[in-house]
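# Dropping the sequence and predicted coords here.
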Amino acid sequence: MGKTILIVEDEPKNMTLTKDILKISGYETIEAVDGRQGVEKAKSARPDLILMDIMMPKMDGYAACREIKADPATKTSP
C-alpha cells in the first residue's frame with residue numbers, strides 16, 4: 001500500500017485532477033471539501049502528507065493548518 005495523502009480542496013475540478021495524478025503515482029488519497037473537514041480527517045486518518053487549499057468555506061487553509069499544528073497528535077504532519 002502506498003503512502004496516504006489528504007487533499008483538502010473545495011473546487012471539484014481541482015480535487016479530481018489532484019486525486020487522479022496522485023493515484024496514478026501510487027498514492028492513496030483521502031478527500032476533504034473544507035477546512036473543518038480537513039482538520040477532522042487529519043486527526044482521524046493521520047495521513048503521511050496534507051495538501052491544503054487556502055481559500056475554502058467554513059475554515060480557510062491557514063486556520064486549518066494552525067489547528068492541525070496545535071494538536072500534539074497531528075503537529076508533525078507535513
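Noted; the coordinates are in hand.
# so what's Asp48 up against?
Residues counted as contacts of Asp48 (CB atoms under 8 Å, 6 or more residues apart in numbering) are Lys3, Thr4, Ile5, Pro78. Placement of C-beta: from N, CA and C, glycine included.
# Now do it, the pLDDT please.
pLDDT, Asp48: 96.
# now do Gly2
pLDDT for Gly2: 75.
# The contacts of Asp48 in strands, which ones?
Thr4, Ile5 (DSSP state E).
# Provide a list of residues in contact with Lys41.
Residues in contact with Lys41 (CB under 8 Å, 6+ apart) are Leu6, Val8, Ile30, Ala32, Pro47.
# Check the secondary structure at it for me.
Following DSSP: H, G, I helix; E, B strand; the rest coil, we place Lys41 in the helix state.
# Distance of it relative to Thr18?
Distance of Lys41 to Thr18, computed by CB to CB, to the nearest Å: 15 Å.
# Please apply the same query to Lys75.
Distance of Lys75 to Thr18, computed by CB to CB: 24 Å.
# Looking at those two, which has the bigger crowd around it?
Between Lys75 and Thr18, counted using other CB atoms under 10 Å, the more crowded position is Thr18 (18 against 9).
# need the contact list for that one.
Thr18 makes contact with Ile7, Glu9, Thr29, Leu51, according to CB under 8 Å, 6+ apart.
# what's the answer for Pro72, then?
Listed by CB under 8 Å, 6+ apart, the contact set of Pro72 is empty.
# Three-state assignment for it, please.
coil.
# can you tell me how far it sits from Lys43?
Counting by CB to CB, the gap from Pro72 to Lys43 is 11 Å.
# ditto for Cys65
On the measure of CB to CB, Cys65 and Lys43 end up 13 Å apart.
# Comparing the two, which residue is more hemmed in?
Shown here are Cys65 and Lys43; by other CB under 10 Å, Cys65 has more neighbours (20 against 14).
# looking at this, that one is in a strand?
No: applying three-state DSSP, one finds Cys65 to be helix, outside a strand.
# For it, give me its contacts.
Going by CB under 8 Å, 6+ apart, Cys65 touches Met52.
# for this protein, what spans make up the helices?
Under the criterion DSSP state H, helices of the chain are mapped to 12-24, 35-45, 61-70.
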